[in-house]
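*Asks:* here's my sequence, what's the structure:
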Amino acid sequence: MQSHGSAHHGPESWLTKLPFLPQDRVWESVNGAVLVFTFILVVSFIFNRAIKGKIQENIIPKSKFGLFSVVDLLVEGLYNLIVGIVGHHYGIKVFPFIASVFIYVLLNNLLGLLPLSASPSSAFPIAFALGLSSFVFYNWMGVKSHGAAGYGKHFLMGLGVFGVPIAGFELISHVIRPFTLGLRLRTNMHIDHMLAGAFADLCKWIVPVPLLLFGVVVCTIQAFLFAVLTAVYVQMATEHEE
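*Replies:* Model (predicted):
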């Protein structure tokens, strides 16, 4: 199992040998991100075709436990979590975006566990782009909720002109959020895959399996935290003063 991120050493990754994508190792993480996006697009199309015209059949849970049952449980759990954070009114509106981000980040993270691969999330440009998408989305939701002028006043914390200094600090905190979101994701995934790769090289026949299982857990937790933080930021941007 190789890691890593944007490191240019060790065996060449298969991500640099994909057709129609750059062959230079500099683009390794970008190729991975494009591959994950394409995979989600294809799977979404297949599932859409599979359930098209069968919505009513799939609303009622089947007695036999299968793939759709697992997917239902996961989606329902994530939906209840997002609604619990954001509220029912906005939860319905933001769930598709946050769920999509969760799936995309999770698959990016898991890609790094494959042999001779790399996690796009462990490369800062990809992690920053994910943080930026979250930043743009929750601010857009804030403007939709309050209006442009109202969202600006939102930063004053209801203190009028006395809230200007606080608004200044708030603006700074908002500007750096794409960096902090991306840096948190990138650092955690880079360290996780780097340690897993190092232990796997030391103990090739015993340690890798438990480490892979641990890596799956870490990848899932990091995607979960990214989704939860996005939901929290949406809640903060859309909340109305009583």
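*Asks:* low-scoring stretches of this protein, by residue?
*Replies:* Scanning the chain for pLDDT under 70 picks out 1-11, 53-68, 157-163, 192-210, 240-242.
*Asks:* and stretch 166-175, how far out from the chain middle?
*Replies:* Relative to its chain's centre, stretch 166-175 lies at 24 Å (C-alpha atoms, centre = their mean, to the nearest Å).
*Asks:* quick check: next helix or strand after the helix or strand containing Met189?
*Replies:* Remark: Met189 resides in helix 177-202, with elements defined by DSSP states H and E. Remark: after helix 177-202, the chain's next helix or strand is helix 208-238, criterion DSSP H and E.
*Asks:* tell me what that following helix is packed against?
*Replies:* Helix 208-238 sits against helix 67-86, helix 88-111, helix 124-146, helix 177-202, with contacts defined as 3 or more C-beta pairs under 8 Å, 6 or more residues apart in numbering; DSSP states H and E. (C-beta placed from N, C-alpha, C; glycine too.)
*Asks:* let me have these in CSV, extended by mean neighbour count and distance to Tyr233.
*Replies:* Below are the helices and strands packed on helix 208-238 laid out as CSV (neighbours: other C-beta atoms under 10 Å; distance: least, C-beta to C-beta, whole Å):
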stretch, mean neighbour count, distance to Tyr233
helix 67-86, 15, 10
helix 88-111, 19, 10
helix 124-146, 19, 4
helix 177-202, 19, 7
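*Asks:* including distance to Leu41, could the ones you listed go into JSON lines?
*Replies:* Converted to JSON lines, these look like this (distance: least, C-beta to C-beta, whole Å):
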{"stretch": "helix 67-86", "distance to Leu41": "17"}
{"stretch": "helix 88-111", "distance to Leu41": "11"}
{"stretch": "helix 124-146", "distance to Leu41": "16"}
{"stretch": "helix 177-202", "distance to Leu41": "22"}
